[in-house]
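Participant: model this:
(one chain, ligands or ions: 4)
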Amino acid sequence: MSGKIPVLEIFGPTIQGEGMVAGQKTMFVRTGGCDYRCAWCDSAFTWDGSQKATPMTADEIMAQLEQVGGDRFSHVTISGGNPALHAGIAELVERFREKGIESAVETQGSFWQDWLLEVDDVTISPKPPSSAMKTDWARLDTFMTRLSDRQAGNHNLKIVIFDEEDLAYAKHVHGRYPDVPFYLQVGNDDLDNQNPARLRDHLLEKYEWLVDRVMEDPAFNRVRVLPQIHALLWGNKQGV
Ligand SMILES: C[S@@+](CC[C@H](N)C(=O)[O-])C[C@H]1O[C@@H](n2cnc3c(N)ncnc32)[C@H](O)[C@@H]1O
Ligand SMILES: Nc1nc2[nH]cc(C(=O)O)c2c(=O)[nH]1
Ligand code: SF4
Ligand SMILES: [Mg+2]
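Facilitator: Ligands and ions are numbered 1, 2, ... in the order given. You can find the predicted model right below:
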C-alpha cells in the first residue's frame, strides 16, 4: 500500500491531443499538486487552490475510469500537475497492467518514481525560459538515464515553444539527449479566450510560425512539430 492519490479529474475517452501518441483514444487521470509554477500553465487549477483534489485509492480510480469510460477505452494517460509527486500511482499502473490497459504519463522530469519504469509511454516536458522555471540539469540527466536504461516502453521529450529563447533552450535539450524522440509544441498564450474558433485561428498562426522556424534550422532536422489538437477542437475547455 503506497497511499492515496490526489485526483482532480477523470475524463474521456478523448484523443491524446499532444506529442508522441497524438490522436490516440485515451482516458485521462489528472492529479493535483505541482512542484513547478509555469507562467503559462494551462492546468493551473491543479496547483493554484482554485479546485480541490480528491484523495483516491488505485481501485477507486480504476472504478471511476470504468464508470466514466465504460468499455470504450484501453489506454489511460496520467497527467497533472506533476503525477511523479505521487508514490501511490505505482498501484494504479499495476492495475492497468493486470487489465491489459496501455498507460502514458506526462511529467516535467523534476521528480523520479520507480513506477515510471512500468509505464508504456513517458513524455518528459522540461520547461523553457518563458515558463519562468529553472531546469535542474543534474536531476533531468538522472531521470533521462533511468528511462533510457529500461527494457520496454517508449519515452519522448516535448518542449512547449513561445519565443526564440524557448527555441534556443529546445535546441540545447535536443542536443543533450539526441537519441530521444523530440517534439516541439505550440504554446497557448491565450488561456482566457472562450471563443474556440478565434483561439483556433490564433494557435494555427503560431503553429505556422513554429513550423517555419523549424524548417529553416538544420539543428531541428529530426524534430516533430505539433499543435495541441484538443485546443484546436475545443479551445480552453477543461476535461476534454
Ligand atoms: C499541464 S502539463 C502536466 C504534466 C507536467 N506537469 C508537465 O508539465 O509536463 C501537460 C502538458 O501541457 C503542456 N502545457 C502546459 N501549458 C501549456 C500551454 N499554455 N501551451 C501549450 N502546452 C502547455 C506542458 O508542457 C505539458 O507538456
Ligand atoms: N485531449 C487532451 N490531450 C492532452 N494531452 C496532454 C494533456 C494534458 O493536460 O496533460 C491533454 C489534455 O488535457 N487533453
Ligand atoms: S510543470 Fe506542468 S502542471 Fe506544473 S505548472 Fe508547469 S505546465 Fe503546469
Ligand atoms: Mg492539457
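Participant: Name the SS class of the closest residue to residue 230 other than its chain neighbours, please.
Facilitator: Nearest non-adjacent residue to residue 230, counting by CB to CB, 6 or more residues apart in numbering: residue 17, 3.2 Å away. Yep, even glycine has a C-beta here, placed from its N, CA and C like the rest. With DSSP: H, G, I helix; E, B strand; the rest coil as the basis, residue 17 sits in coil.
Participant: Surely residue 64 is in contact with residue 11?
Facilitator: No. Using CB atoms under 8 Å, residue 64 makes no contact with residue 11, being 10.1 Å away.
Participant: for the most centrally placed residue in the chain, what are its contacts?
Facilitator: Centroid-nearest residue in the chain: residue 106, 3.2 Å away (criterion: CA atoms, centre = their mean). Listed by CB atoms under 8 Å, 6 or more residues apart in numbering, the contact set of residue 106 reads 18, 77, 78, 79, 80, 83, 123, 125.
Participant: Tell me who's in contact with the closest residue to the first one other than its chain neighbours.
Facilitator: Right, the one you point to is residue 18. Of all residues not flanking residue 18 in the chain, residue 228 sits nearest, at 5.5 Å (CB to CB, 6+ apart). By CB under 8 Å, 6+ apart, residue 228 lies in contact with 17, 18, 185, 186, 188, 203.
Participant: Report pLDDT for residue 228.
Facilitator: Looking at residue 228, its pLDDT reads 98.
Participant: same deal with residue 151?
Facilitator: In this model, residue 151 carries a pLDDT of 88.
Participant: Could you check how far the residue nearest to the centre of the chain is from residue 233?
Facilitator: 18 Å (CB to CB, to the nearest Å).
Participant: How about residue 143?
Facilitator: 31 Å.
Participant: More neighbours: which of those two?
Facilitator: residue 143 (23 against 14; other CB atoms under 10 Å).
Participant: Surely the more buried one is in contact with residue 109?
Facilitator: Yes. Applying CB under 8 Å as the test, residue 143 and residue 109 come out as touching, 4.6 Å apart.
Participant: Can you pull the residues that touch both of the two?
Facilitator: residue 124.
Participant: so how far is residue 158 from the residue nearest to residue 18?
Facilitator: Separation of residue 228 from residue 158 (CB to CB): 11 Å.
Participant: list residues touching both of those two?
Facilitator: With CB under 8 Å, 6+ apart, residue 228 and residue 158 have common neighbours 18, 185.
Participant: Below-threshold pLDDT in this structure: ranges please.
Facilitator: 1-2 (pLDDT under 70).
Participant: Kindly report the residues of the protein close to ligand 3.
Facilitator: 34, 36, 37, 38, 41, 43, 46, 80, 81, 82, 108 (CB under 6 Å from any ligand atom).
Participant: ok so, going back, for the contacts of residue 228, pick the one with the most neighbours.
Facilitator: residue 186 (25 neighbours).
Participant: quick one, phi psi at residue 161?
Facilitator: Main-chain dihedrals, residue 161, degrees, to the nearest 10: phi -120, psi 130.
Participant: Name the residues linked to it by a beta bridge.
Facilitator: residue 186 (DSSP bridges).
Participant: And the helices in the chain, which stretches?
Facilitator: Using DSSP state H, the helices found in the chain span residues 58-69, 89-98, 137-148, 164-176, 196-215, 229-234.
Participant: of these, which approaches ligand 2 most closely?
Facilitator: helix 229-234 (3.4 Å; CB to the nearest ligand atom).
Participant: Quick check: neighbours shared by residue 64 and residue 11?
Facilitator: Contacts common to residue 64 and residue 11, judged by CB under 8 Å, 6+ apart, are absent.
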